[in-house]
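> give me the fold of what follows.
(2 chains)
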Amino acid sequence: MPSVNGADVRKVVIACDAGMGSSVMVASTLSKKLKKYDVAVVHMPVNEIPADTPVVLCHAGLADRARSIAPGAVIVPFQMFMGDPAFAKVENAIKGGGVLES
Amino acid sequence: MTMPDALANKNVEGSGVRARVQRFGGYLAGMIMPNIGAFIAWGLITALFIPDGWLPNEDLAELVGPMIIYLLPLLIGYTGGRMVHGQRGAVVGAVATMGVVVGSDVPMFLGAMIIGPLAAYVIKLVDDAIQGKVATGFEMLVDNFSAGIVGGAMAILGRLAIGPVVDRLVEWVENGVDFLVDENLLPLASIFVEPAKVLFLNNAVNHGVLTPLGTIESQEAGRSILFMVESNPGPGLGILLAYMFFGPRSLRPTAPGAIIIQFLGGIHEIYFPYILMKPKLILAPIAGGASALMVGTLLDAGLVSAPAPGSIFAYFAVTPKGGYFDMLAVVVVGAGVSFAVASALMGFGRGERDEEPALPEAAAA
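Below you'll find the model as predicted:
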């Protein structure tokens, strides 16, 4: 199981099917929250996640696909596009240096 | 009749099948979606300058034909090639696409979606085969001519073999779609489209299939109802309104924000989780979408180009002159029926304990 310490995370990838719609929306909300920790938030299609990506956030319905494309990445699935606990989990791990696991 | 279908899809969840189907669909949509801006530019120019448009203008209307016959397929072939083999794949894909475009009577979207990636795959094989074997100083010469030769050869193959076959294929599909529309069977599409949508096949269905077909129809008839099959913001609005009034109390406050993002912003994904957590609600968008398509078929409603994202603003922008009532009827009926069915399925809020909605597995992961 891939895992990463939140304190080492410098970049978070938000993935959706096309990389143009929901991921852009999630990325713009999350980047405001993570800016102060000097963490970049980018969005892209699931099919184009680079293999060396450390942390990927995507909807639970796309998590299998994300896993097959970036097997080494910590995949954090979420259910709701706004206010999902997964977003707070990632933010807290980055802030406090907790471990994130797939 | 419809439930088993929705449930069957639900059961696929988690296995590799769903991921594979999504992935294939992702490739189809991935060739179209980056180019939606060009489809919209074509749609706006068409709506404005054709003889029965807003500002008829013969000179500017000359843009319409070449844009749909050459520009859009070439962009698709280019993008498809780029997905397979970067910039070189893109160039070879675009060259090869010319082969299927020339000599065809219809906009060759399907042909471009086949030959673009195929040609890029061929140049990828060639590149892999000669990698490291080229004498120092001859790299550029070899690279340029291998791309030129493969591109040219694929264009010839496209013109002589692939183009005619795809042409015939498109003709069959068009006849099939015409049959569905003429026999008022199009509403049945919702039975498949709506469940596929919430399983994140929305882009694959809409842009992988409906956008190319709709654009071909629109070029001939000035409008197409196919653009409204998947992208109608009405059914999703109905679901979210039902949640706002009758949903679990903990979720009611989230609905208004979701409505803005879905109905005005056009990001439909926002409502999928509201269905995935209560799967029987899939009946609501199926009923809403089918009713909307029934009304749309009867009114002969349609849009000029792809409303993407499926926002009500995008709908207004691509509605043909004189088609506003029809368009609004489709959206309002979709929203109303979907709202009624979703509200009934949630018992109009009666007896709704403030239970935590049963999130599918992995929620807490």
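> determine the number of other residues adjacent to the residue lying closest to A:Arg10 once chain neighbours are set aside.
Using CB to CB, 6 or more residues apart in numbering or on different chains and skipping the chain neighbours, the partner closest in space to A:Arg10 is A:Val39 (6.1 Å). The C-beta positions use only the backbone N, C-alpha and C, and glycine is treated the same way. Other residues within reach of A:Val39 by the criterion other CB atoms under 10 Å in any protein chain shown amount to 20.
> who's in contact with A:Val39?
A:9-12, A:94 (CB atoms under 8 Å, 6 or more residues apart in numbering or on different chains).
> roughly how far does it sit from A:Thr29?
Look at A:Val39 and A:Thr29: by CB to CB, to the nearest Å, they are 14 Å apart.
> quick revisit: give me the buried entries from the contacts of A:Val39.
In those, burial by neighbour count holds for A:9, A:12, A:94, counting by 16 or more other CB atoms under 10 Å in any protein chain shown.
> ok, those vs B:Leu63, which is closest?
A:Val12 (42.2 Å; CB to CB).
> element containing that closest one, please.
strand A:11-16 (DSSP states H and E).
> can you pull the contacts of B:Gly336?
By CB under 8 Å, 6+ apart, the neighbours of B:Gly336 are B:234, B:238, B:288.
> and it, how close does it get to chain A?
To chain A, B:Gly336 is 25 Å away according to CB to the nearest CB, to the nearest Å.
> list the buried residues of the helix or strand containing that residue.
Per DSSP H and E: B:Gly336 is located in helix B:324-345. Within helix B:324-345, the residues scored as buried using 16+ other CB under 10 Å are B:326-331, B:333-343, B:345.
> neighbours around B:Arg250, how many?
To be clear, residue B:250 is Ser; Arg isn't right here. Other residues close to B:Ser250 by other CB under 10 Å number 11.
> can you pull the phi/psi pair for it?
Note on B:Ser250: backbone dihedrals following degrees, to the nearest 10 are phi -70, psi -20.
> next step: the contacts of B:Gly336 restricted to helices.
Mapping the contacts of B:Gly336 onto helices (DSSP state H) picks out B:234, B:238, B:288.
> name the nearest of those residues relative to B:Ala221.
Closest to B:Ala221, out of all of the ones in helices among the contacts of B:Gly336 and judged by CB to CB, is B:Gly234, at 22.6 Å.
> name the nearest residue to the closest one, sequence neighbours excluded.
In space, B:Gly234 is closest to B:Gly334, 2.7 Å off (CB to CB, 6+ apart).
> my read: the one you found touches B:Pro235, true?
Yes. Here B:Gly334 lies in contact with B:Pro235, judged by CB atoms under 8 Å, at a distance of 4.7 Å.
> so what sits against both of those two?
B:288-289, B:292.
> out of these, who's nearest chain A?
Nearest to chain A among the shared contacts of B:Gly334 and B:Pro235, counting by CB to the nearest CB, is B:Gly289 at 19.2 Å.
> surely the closest one meets B:Leu188?
No. Counting by CB under 8 Å, B:Gly289 stays clear of B:Leu188, with 10.3 Å between them.
> those two: who's more crowded?
B:Gly289 (30 against 15).
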